[in-house]
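>>> Sequence plus the predicted model coming up.
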Amino acid sequence: MEIKDIKKIVELMKEHDLTKFELEEEAFRISLVRGTDDDVRMVSPMPAAHASLPVATPPPAPAAVPAAPAVEEDDGLLEIKSPIVGTFYRSGSPDADSFVNVGQQVDRDTVVCIIEAMKVMNEIKADVKGVITEILAENATPVMFGQPLFKVKPL
């Protein structure tokens, strides 16, 4: 990852009022934390000599993208929320059908969308058994961490 990419992430964090950003790939992990006074510190396993921002020992934490999105109750419906910041896509390609539509039954392993983050396509699974009642995000638009993407009536 280049410093310009890190600077862009920091600007996006400020623009969208995010306090934490994490990304983990094969041999690379970055965690950015923004304080109340807009300072940003980088937590990374890289040696301090190679980092351009202050470095601290990374906390023992799970991967940046959870295995499944957060699900929360709302008037008897469940919300499938975005586990990361990125771009929401309803299908695997512009010509492909949507992964899910309103009225469609899903189970825990059903892929409901893709979220692109740092040029990595992340398949998001329903992690709940139910019927899609509403799609809350527009195709090819940015989504925030924790933003509701779908509403599901549990079965």
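Nice, thanks for sending it over.

>>> helix or strand for residue 114, which one?
Assigned by DSSP states H and E, residue 114 belongs to strand 111-117.

>>> contacting residues around the very next helix or strand once past that strand?
Downstream of strand 111-117, the next assigned helix or strand under DSSP H and E is strand 120-125. With CB atoms under 8 Å, 6 or more residues apart in numbering as the test, strand 120-125 has contacts from 25, 65, 68-69, 80, 82-84, 86, 89, 108-116, 149. To be clear about C-beta, it is placed using only N, CA and C from the backbone, and glycine gets the same treatment.

>>> Derive a ChimeraX selection command for the buried subset of the residues you listed.
Selection of buried members from these for ChimeraX, criterion 16 or more other CB atoms under 10 Å:
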select :65,69,80,82,83,84,86,89,110,112,113,114,115,149
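
>>> okay, which residue is most central for this protein?
Residue closest to the average C-alpha location in the chain (CA atoms, centre = their mean): residue 84, at 1.0 Å.

>>> so what's the backbone phi/psi at it?
When quoted as degrees, to the nearest 10, the phi and psi of residue 84 stand at phi -150, psi 170.

>>> same question, residue 81
Dihedral angles (degrees, to the nearest 10) for residue 81: phi -110, psi 160.
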